[in-house]
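Asks: Here's a sequence, model it:
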Amino acid sequence: MNDSITRPATSPVNAKNGPARVTRDCLDPWNYLEISAGGHIRPCCNFSPLGKLDDLGEQVGAIRDNDKFRALRESLLSGDLQSPCQHCHIRKMVPVRAFKRRLEKAASRRDVADSLAPLQVAEFRIDINEKCNLRCDYCAVSSPDYRGVEMDDGLFTRIEKIVGDIGPRATVHVNGHGETTYHPNWMAMCRAIIDAGHRPQIITNLAKNYTGEEIDLLAKFSSIQVSLDSDDDALMKKIRKSVRATHVFETIQRIRDAAARHNIRPVPRMSFSVGIYDPSIWTLESFVHRIIACGVRDVTFWNLVEMQHQTLVKPLRNLDMADRTRARSILSAVRRKLENADVNYIFAGDFDAMVEQLSGATQLRSTFRRIYRALGRRALSFR
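Replies: As a prediction, this is how the structure comes out:
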């Protein structure tokens with residue numbers, strides 16, 4: 001990934017004051033930490049590694065305060081955004097002055113005077129596994145040149161100390177490009193995190209046939225986001241291979257039952273991450289109905305990113321006019337259904353552009369309002 005600094009970002013010109021400098025509304029380089037299965041340290045989920053835990057023994061605190069991290073923070077404070085920040089599809093653009101005020105407020109709570117220094121870690125993502133039990137047609141993991149790795153025990157031992165150092169208030173995510181629960185030692189690793197005082201969060205496909213012991217462990221998590229695009233078993237088997245929607249919903253209930261049986265409170269908060277593409281769009285209404293009936297309170301929708309290896313899926317923007325009309329009707333019905341059920345939902349990625357193409361500017365503005373309301377209430381970090 002090219003991390004070179006590009007042109008300063010500006011908002012529309014103000015006739016009196018000229019163009020206002022803008023930046024990404026993102027504190028991740030200050031208070032977020034991600035360590036990959038190979039030990040690489042990233043400032044966010046979209047950025048290239050800026051350091052690595054290795055045998056040289058460099059401490060994570062020193063890495064978070066190295067020249068690369070400080071340069072990234074400086075670029076956000078100035079609006080001279082580096083390339084990944086320019087193209088970020090997660091954080092919105094805000095005036096630089098407003099962002100500086102937000103940072104100052106966060107830093108003042110920690111008594112940090114240096115604006116380029118790292119803050120206390122608020123979110124820690126541990127990519128335990130970059131291998132997956134599925135082979136989804138649309139996923140980068142299915143591309144011929146993808147090489148996923150599993151975190152080894154030695155690296156996790158070093159990470160255990162970091163988990164202990166960040167304190168119990170930090171949110172710990174056990175995610176990765178692969179499936180966490182497909183790692184041979186995932187239970188031991190997650191137990192260590194729980195023993196350190198955290199109830200971790202996870203994004204998982206829940207496609208495995210879990211043992212009772214595995215279900216009991218998942219019941220101790222604070223949040224479980226399920227990656228599933230349809231409740232049509234045949235469709236999911238075709239596109240994502242070894243997954244059955246019926247089995248996923250049964251597993252969700254098993255986790256809830258285990259939490260109740262062991263008197264775990266609160267029970268894990270369940271949510272869904274749903275890809276919308278052709279052909280999943282045509283089953284979306286029935287799927288959302290089932291999600292609501294399951295008692296899920298949060299849903300993230302994401303738009304398909306095209307890759308060369310894909311053969312079974314295509315983005316909605318590639319639909320012909322008649323199918324676009326059908327898709328628009330389905331999206332409108334789904335929004336009404338979720339709002340009537342008081343389910344929080346967001347559209348991630350470049351989904352906004354697709355909605356604009358399908359639904360027009362008026363509906364897009366309505367969607368943005370709904371997104372920002374949902375983002376303000378969400379309990380899960382949807383990355």
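Asks: can we go C-alpha only for contacts and neighbour counts from here?
Replies: Noted.
Asks: Grab the longest helix from the chain for me.
Replies: Using DSSP state H, we find that the single longest helix of the chain is helix 321-340.
Asks: so where do the helices sit in the stretch 201-350 of the chain?
Replies: Ranges of helices in the stretch 201-350 of the chain, per DSSP state H, counting those that start in this stretch, are 212-218, 233-240, 245-261, 284-293, 321-340.
Asks: Return the list of helices and strands in contact with the longest helix of the chain.
Replies: Packing partners of helix 321-340 (3 or more Cα pairs under 8 Å, 6 or more residues apart in numbering; DSSP states H and E): helix 284-293, helix 351-359.
Asks: Least reliable of those by average pLDDT, please.
Replies: Here these differ in mean pLDDT, and the lowest is helix 351-359 at a mean of 58.
Asks: before we move on, back to that, okay if I get the helices of the stretch 201-350 of the chain as TSV plus mean neighbour count?
Replies: Formatted as TSV, the helices of the stretch 201-350 of the chain follow (neighbours: other Cα atoms under 10 Å):
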stretch	mean neighbour count
helix 212-218	17
helix 233-240	17
helix 245-261	17
helix 284-293	18
helix 321-340	15
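Asks: Which one of these lies nearest to Ser142?
Replies: Of all those, it is helix 233-240 that lies closest to Ser142, at 10.0 Å by Cα to Cα.
Asks: what's the spacing between that closest one and its chain's center?
Replies: 23 Å (Cα atoms, centre = their mean, to the nearest Å).
Asks: swap in stretch 93-101?
Replies: Counting by Cα atoms, centre = their mean, stretch 93-101 comes out at 23 Å from the chain centroid.
Asks: Run through who's touching that stretch.
Replies: 11, 20-25, 77-79 (Cα atoms under 8 Å, 6 or more residues apart in numbering).
Asks: In strands only, show me those residues.
Replies: In strands, judged by DSSP state E, the following of the contacts of stretch 93-101 are found: 11, 20-24.
Asks: contacting residues around Glu34?
Replies: With Cα under 8 Å, 6+ apart, Glu34 has these contacts: 41-45, 124-127.
Asks: could you dump these to JSON lines with neighbour count, distance to Asn209 and secondary structure?
Replies: Listed next are the contacts of Glu34 as JSON lines, based on neighbours: other Cα atoms under 10 Å; distance: Cα to Cα, whole Å; DSSP: H, G, I helix; E, B strand; the rest coil:
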{"residue": "Ile41", "neighbour count": "22", "distance to Asn209": "32", "secondary structure": "strand"}
{"residue": "Arg42", "neighbour count": "23", "distance to Asn209": "32", "secondary structure": "strand"}
{"residue": "Pro43", "neighbour count": "24", "distance to Asn209": "34", "secondary structure": "coil"}
{"residue": "Cys44", "neighbour count": "21", "distance to Asn209": "32", "secondary structure": "coil"}
{"residue": "Cys45", "neighbour count": "17", "distance to Asn209": "29", "secondary structure": "coil"}
{"residue": "Phe124", "neighbour count": "21", "distance to Asn209": "28", "secondary structure": "strand"}
{"residue": "Arg125", "neighbour count": "22", "distance to Asn209": "25", "secondary structure": "strand"}
{"residue": "Ile126", "neighbour count": "24", "distance to Asn209": "23", "secondary structure": "strand"}
{"residue": "Asp127", "neighbour count": "24", "distance to Asn209": "22", "secondary structure": "coil"}
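Asks: To be precise, which single item in the residues you listed has the lowest pLDDT?
Replies: Lowest confidence among the contacts of Glu34: Cys45, with 85.
Asks: mind checking how far it is from Gly275?
Replies: Cys45 sits 18 Å away from Gly275, taking Cα to Cα, to the nearest Å as the criterion.
Asks: how about the contacts of Glu34, which pair is most distant?
Replies: Between any two of these (Cα to Cα), the greatest distance is 13.4 Å, for Pro43 and Asp127.
Asks: Just the CA trace of stretch 203-212, in CSV.
Replies: What follows is stretch 203-212, C-alpha atoms only, in CSV (Å, rounded to 0.1, in the frame of the first residue of the first chain):
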residue,chain,number,x,y,z
ILE,A,203,-16.4,-11.3,14.1
THR,A,204,-17.1,-14.9,13.1
ASN,A,205,-18.9,-16.9,10.4
LEU,A,206,-20.1,-19.4,13.1
ALA,A,207,-20.0,-22.1,10.4
LYS,A,208,-18.2,-24.8,12.4
ASN,A,209,-19.8,-27.6,14.3
TYR,A,210,-18.9,-26.3,17.7
THR,A,211,-18.4,-28.5,20.8
GLY,A,212,-20.2,-27.7,24.0
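Asks: ok now it, how far from the chain's centre?
Replies: 19 Å.
Asks: need the strands for the stretch 51-200 of the chain, in chain order.
Replies: Along the stretch 51-200 of the chain, counting by DSSP state E, counting those that start in this stretch, strands occupy 51-52, 93-95, 123-126, 171-173.
Asks: so where is the chain shaky, pLDDT-wise?
Replies: Where the chain drops to pLDDT under 70, the residues are 1-19, 55-58, 110, 349-383.
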